[in-house]
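**Student:** structure for this input, please:
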Amino acid sequence: MRLLFMGSGGFALPSLRVLLDSSHQVLALITQPDKPAGRGHELRMPKTKSLALERGIAVHQPPKVRAEPAVEIVRGLAPDAIVVVAYGQIIPASILEIPPRGIVNVHGSLLPRYRGAAPIQWAIARGETETGVTTMLMDAGLDTGPILLRREVAISEDDTGGTLEAKLAPIGAELLLETLSLEERGDLVPVPQDDAQATLAPRIKKEDALVDWSGSATEIHRRVRAFDPWPVAFVPLDSGRADLLRIWKTRVAPPGSAEAAPGCIVAIEGEGLTVACGGRTALIVEQVQPAGKGRMTGSAFARGKRLRAGDFLGLPRPTQP
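**Tutor:** Numbering: from 1, shown residues only. Now for the predicted structure:
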């Protein structure tokens, strides 16, 4: 088939690669515009753009895909079908109606669960033990189209947002090829989603990674894993939040480790520091990163800041009434 690929992030890379290596013809890539990144704010191209340029594939980067110039690009390419993987913009109806064989989306969850922009991260944050990949036929809703194929994947206890994405991305590529093969043979049977089973996975904001010590140690630990490698769990070291401490690695302390207010350091030993959390639970903070510095153990950070048991990690100790 003559295919147009729309995708931007690392999750999309394996899918683009397998299509380029297949018998299908990839007409072009539509991806997000280059964006400034890092301390120098140098423009960084999407990962899919780098691959497309290496393979000699035309690249289009419309700021708004719903704008008429972008729609005209798609009309001019006249694809048989469009493949969308981690593109980052909502596909308008004006594009949905163009390809005669529809638009296939590769989504990083078992739809209808975790519809939205960040299904991988929220599955970890909410304590799921299983997720997967779904291919679906896109419609005008938010990940509401008919399901084509699904494949389940276990979430391990040490999976992060990054490691789980790395597991799911190649599986999504395999499922995409299988979906397109079935479509070519006329053997694909779309199945409507059960909206009653739907849950949402909204776009992640940096504020979502702010650690709230009043939550349980298990809840905080899941969010530390989920938001690795972005935006990374953090606590502010001053009231203005200008000086932040990133938290990269934690583990839940054994029961009975905390009899203190949430946020209070109850022990500093080995490579970690133990912080009291809500519900009389505690979290062992094993790896952190102060602003402008490299990663270090929790205990090394505590020694450098001369922290002791009884001090609070992050926000200042609350004023007693």
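**Student:** ok, the helix or strand of the chain with the lowest mean pLDDT: who's next to it in the sheet?
**Tutor:** For the chain, counting by mean pLDDT, DSSP states H and E, strand 35-37 ranks last in confidence among helices and strands (a mean of 86). Paired with strand 35-37 in the same sheet, following DSSP bridges, are strand 42-44 (antiparallel).
**Student:** and the strand it pairs with, which residues are buried?
**Tutor:** For strand 42-44, a neighbour-count test (16 or more other CB atoms under 10 Å) marks nothing as buried. Any C-beta I mention is one placed from the backbone N, CA and C, and that applies to glycine too.
**Student:** what's the domain layout of this structure?
**Tutor:** Domain assignment for the chain, taken from automatic domain parsing, gives 2-197, 208-305.
**Student:** need those in a markdown table with distance to residue 314, can you?
**Tutor:** What follows is the domains of the chain, written out as a markdown table (distance: least, CB to CB, whole Å):
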| stretch | distance to residue 314 |
| --- | --- |
| domain 2-197 | 19 |
| domain 208-305 | 3 |
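**Student:** what's the least confident stretch among those domains?
**Tutor:** Note on those: lowest mean pLDDT is at domain 208-305, with a mean of 93.
**Student:** any idea how far it is from the middle of the chain?
**Tutor:** Distance, stretch centre to chain centre, for domain 208-305: 21 Å (CA atoms, centre = their mean, to the nearest Å).
**Student:** ends of that domain, how far apart?
**Tutor:** 26 Å (CA to CA, to the nearest Å).
**Student:** and if you look at stretch 82-102?
**Tutor:** Stretch 82-102 has an end-to-end distance of 7 Å (criterion: CA to CA).
**Student:** list the buried residues for that stretch?
**Tutor:** In stretch 82-102, counting by 16+ other CB under 10 Å, buried: 82-89, 91, 94-96, 98-99, 101-102.
**Student:** pretty sure residue 232 contacts residue 246?
**Tutor:** Yes. Between residue 232 and residue 246 there is a contact under CB atoms under 8 Å: 4.7 Å.
**Student:** shared neighbours of the two, anything?
**Tutor:** Overlap of the contact sets of residue 232 and residue 246 (by CB atoms under 8 Å, 6 or more residues apart in numbering) consists of residue 289.
**Student:** spell out the secondary structure type for residue 287.
**Tutor:** The three-state assignment at residue 287 reads strand, by DSSP: H, G, I helix; E, B strand; the rest coil.
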